[in-house]
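Participant: Model the structure of this input:
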Amino acid sequence: MGRGRAKAKQTKVARQLKYYTPDTDLSALERELHRESSGADRDDTSRPDEDDYDEYGKWAAGER
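Facilitator: Numbers count the residues shown, from 1 in each chain. Model prediction:
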């Protein structure tokens, strides 16, 4: 016994989460997205160094 009260509370919380619409600061979101996209334009940071491949190649060939 006692499950009914707990289930009712869970249902209440689930309903609040489902229908809750927080105020969204769209200008802050735009600034954040713009900042991320401008920093991702640099290709040199996204590529691994050639030395990493050389080291793996030596290891795979049995050279150390």
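Participant: In what element of secondary structure is the residue nearest the centre of the chain found?
Facilitator: Note on the chain: the residue nearest the mean C-alpha position is Glu36, at 12.6 Å, using Cα atoms, centre = their mean. Using DSSP states H and E, Glu36 sits within helix 26-39.
Participant: so how far is whichever helix in the chain runs longest from its chain's centroid?
Facilitator: As assigned by DSSP state H, the longest helix anywhere in the chain is helix 3-19. Relative to the centre of its chain, helix 3-19 is centred 28 Å away, using Cα atoms, centre = their mean, to the nearest Å.
Participant: hey, C-alpha coordinates of that helix in PDB?
Facilitator: Once non-C-alpha atoms are left out, helix 3-19 reads as follows in PDB (Å, rounded to 0.1, in the frame of the first residue of the first chain):
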ATOM      1  CA  ARG A   3       1.900   3.300  -4.000                       C
ATOM      2  CA  GLY A   4      -1.100   5.500  -5.100                       C
ATOM      3  CA  ARG A   5       0.300   8.700  -3.500                       C
ATOM      4  CA  ALA A   6       3.800   8.200  -5.000                       C
ATOM      5  CA  LYS A   7       2.400   7.400  -8.400                       C
ATOM      6  CA  ALA A   8       0.200  10.500  -8.300                       C
ATOM      7  CA  LYS A   9       3.200  12.600  -7.400                       C
ATOM      8  CA  GLN A  10       5.200  11.100 -10.300                       C
ATOM      9  CA  THR A  11       2.400  11.700 -12.700                       C
ATOM     10  CA  LYS A  12       2.200  15.300 -11.500                       C
ATOM     11  CA  VAL A  13       5.900  15.900 -12.000                       C
ATOM     12  CA  ALA A  14       5.900  14.200 -15.400                       C
ATOM     13  CA  ARG A  15       3.000  16.400 -16.500                       C
ATOM     14  CA  GLN A  16       4.800  19.600 -15.300                       C
ATOM     15  CA  LEU A  17       7.900  18.600 -17.200                       C
ATOM     16  CA  LYS A  18       5.900  17.800 -20.300                       C
ATOM     17  CA  TYR A  19       4.000  21.100 -20.500                       C
END
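Participant: And Leu17, how far from Ala6?
Facilitator: 17 Å (Cβ to Cβ, to the nearest Å). (Each C-beta comes from the backbone N, C-alpha and C, glycine too.)
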